[in-house]
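K.L.:
only geometry, no sequence info:
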């Protein structure tokens, strides 16, 4: 039931924001062999620009003495960290250059599979020396961009909305063991797990395979107040009185695996065309955060045709623009202002100044003006890993180049990561005004984001894979282990790790939300756990 002057609030953060962008496209000749079947090693050029974007957020305080450290997100068109020390070096470079606390910096990779190899351990391979130099350049670019974004902090509003995009599909296909021509197939053979489009996902024909999550979470940064005459937009064109879009945040879960071993160009994959489309329409940078996409990828992929990647990006870009178009004007929310008597009584909803803004008549929604950040690891179990001799024997029958690629990746994975029977898996939870951001380094299945979003209710939740740590660790569902999916046998983590991370992330979310108002305003607040103690009790199911 509604009453006159009922509001339809837009979840927001109202404070300070700054943005900086760097072009991190490598020169030709860098190692970019990310696929076993590739018969080449170094890139021959670039499909689209590779981009690094830094977004800084800070609370608006009345006194410089009260100023808190900002929160900073760095998004990079990058593949994945193959070694623990390479990721640690880059993030340490940024932390030392800026003085940020560790919980207030997120460095997130888009996970394109057509980018330069991020691995200092490949220095001895063709193009590897350039790759090591690129790692140093990338660290400097990240530190410089973060410093610029923090220096550019200005009054701004971040407003959230949600769209839908059908690009992603479940990629856990099962090949019928009786299929004619299947290698080694005999009558009664079990189905063979493949990494590719699964048309049976979500049906009894593919038990345990979830349908693709099509959620697109979009954030719109707008300068506040509206610019005065002569103030330039990010594209350099002055528009007095118009709101200035500072940046757009896009969070979507889908593996950027369109371009594969046939392609010899570095590329952001579909993210590039999406970004170019949205930036052209908004006049502002795009920061892309890869969602929980462990089992999600485009239906059409593994090609050398860059036009396919561009088509995928155009699909996602239009979904982002559609979501933005449904937001009311910046700094406003819809209000039921009056009823017009026509052939029917017509409820008229009109934009009104957001109650989240400072100085609003109601003085409501103070949570929209605050930030919080927590970093807390969860302990995950390792499964029994095969020895080197067992791996070499298992992969003896595949193409020698592909076999060597698998073995090298396995060596890099174990170096610095597999040090005991368990591993600490870092998890970040941020409260950005009335929204949440949950990030971790691995490749979790989309069930993670479904679970956390359901737990948070109507509150917007950004979930980011491949953030602040090595990105070579899958967190599959138990069902994926049962069917022998690639993501399960490749991962060093034991079954149940995804479920443990889900419970942990939800518990930290409860801590971060403790004591704040429910969302949407006026709703009954769910019961939340008490704030975390230095040592969180281990749930009984994890003991």
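P.N.:
It's in. In this text the structure is predicted, and so the values were computed from the model without any measurement.

K.L.:
OK, contacts around residue 246?
P.N.:
The neighbours of residue 246, taking CB atoms under 8 Å, 6 or more residues apart in numbering as the test, are 17, 18, 19, 154, 156, 221, 222, 223, 234, 284. In short, each C-beta sits where N, CA and C put it, glycine included.

K.L.:
got the residue ranges for the strands in the stretch 251-400 of the chain?
P.N.:
Ranges of strands within the stretch 251-400 of the chain are 265-266, 286-290, 296-298, 332-341, 345-353, 371-375, 378-381, based on DSSP state E, counting those that start in this stretch.

K.L.:
Paired strands for the second one, with orientation please.
P.N.:
Based on DSSP bridges, the pairing partners of strand 286-290 within the sheet are strand 245-252 (parallel).

K.L.:
All the strands of the stretch 101-250 of the chain, residue numbers only.
P.N.:
105-109, 154-164, 168-170, 174-175, 192-193, 215-223, 245-252.

K.L.:
circling back to that earlier point, kindly reformat the strands of the stretch 251-400 of the chain as JSON lines containing mean neighbour count and distance to residue 520.
P.N.:
Formatted as JSON lines, the strands of the stretch 251-400 of the chain follow (neighbours: other CB atoms under 10 Å; distance: least, CB to CB, whole Å):
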{"stretch": "strand 265-266", "mean neighbour count": "22", "distance to residue 520": "43"}
{"stretch": "strand 286-290", "mean neighbour count": "26", "distance to residue 520": "24"}
{"stretch": "strand 296-298", "mean neighbour count": "26", "distance to residue 520": "29"}
{"stretch": "strand 332-341", "mean neighbour count": "14", "distance to residue 520": "10"}
{"stretch": "strand 345-353", "mean neighbour count": "13", "distance to residue 520": "15"}
{"stretch": "strand 371-375", "mean neighbour count": "18", "distance to residue 520": "19"}
{"stretch": "strand 378-381", "mean neighbour count": "18", "distance to residue 520": "30"}
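
K.L.:
Can you give the distance of stretch 41-50 from its chain's centre?
P.N.:
23 Å (CA atoms, centre = their mean, to the nearest Å).

K.L.:
end to end, how far does it reach?
P.N.:
Length of stretch 41-50, first residue to last, CA to CA, to the nearest Å: 19 Å.

K.L.:
quick one: buried residues of it?
P.N.:
41, 42, 43, 46, 47, 48, 50 (16 or more other CB atoms under 10 Å).

K.L.:
Over to the residue of the chain most remote from its centre: give its phi and psi.
P.N.:
Ranked by distance from the centre of the chain (CA atoms, centre = their mean), the top residue is residue 343, with 48.2 Å. Residue 343 adopts backbone torsions of phi -60, psi -20, taken as degrees, to the nearest 10.

K.L.:
The residue lying closest to residue 47 once chain neighbours are set aside: neighbouring residues, count only.
P.N.:
Sequence neighbours aside, residue 267 is the residue nearest to residue 47 in space, at 3.6 Å (criterion: CB to CB, 6 or more residues apart in numbering). Residue 267 has 29 neighbours, counted by other CB atoms under 10 Å.

K.L.:
show me the contacts for residue 267.
P.N.:
46, 47, 48, 50, 112, 114, 115, 259, 306, 309.

K.L.:
CSV for the residues you listed, including pLDDT?
P.N.:
Shown next, in CSV, are these (pLDDT from 0 to 100):
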residue, pLDDT
46, 98
47, 98
48, 98
50, 98
112, 98
114, 98
115, 98
259, 98
306, 98
309, 98
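
K.L.:
Narrow those to those in helices?
P.N.:
306, 309 (DSSP state H).

K.L.:
Closest one of the contacts of residue 267 to residue 147?
P.N.:
residue 50 (20.5 Å; CB to CB).

K.L.:
for the closest one, what are its contacts?
P.N.:
23, 24, 25, 26, 77, 78, 115, 266, 267, 268.

K.L.:
From the contacts of residue 246, list the buried ones, please.
P.N.:
By 16+ other CB under 10 Å, the contacts of residue 246 give 17, 18, 19, 156, 221, 222, 223, 234, 284 as buried.
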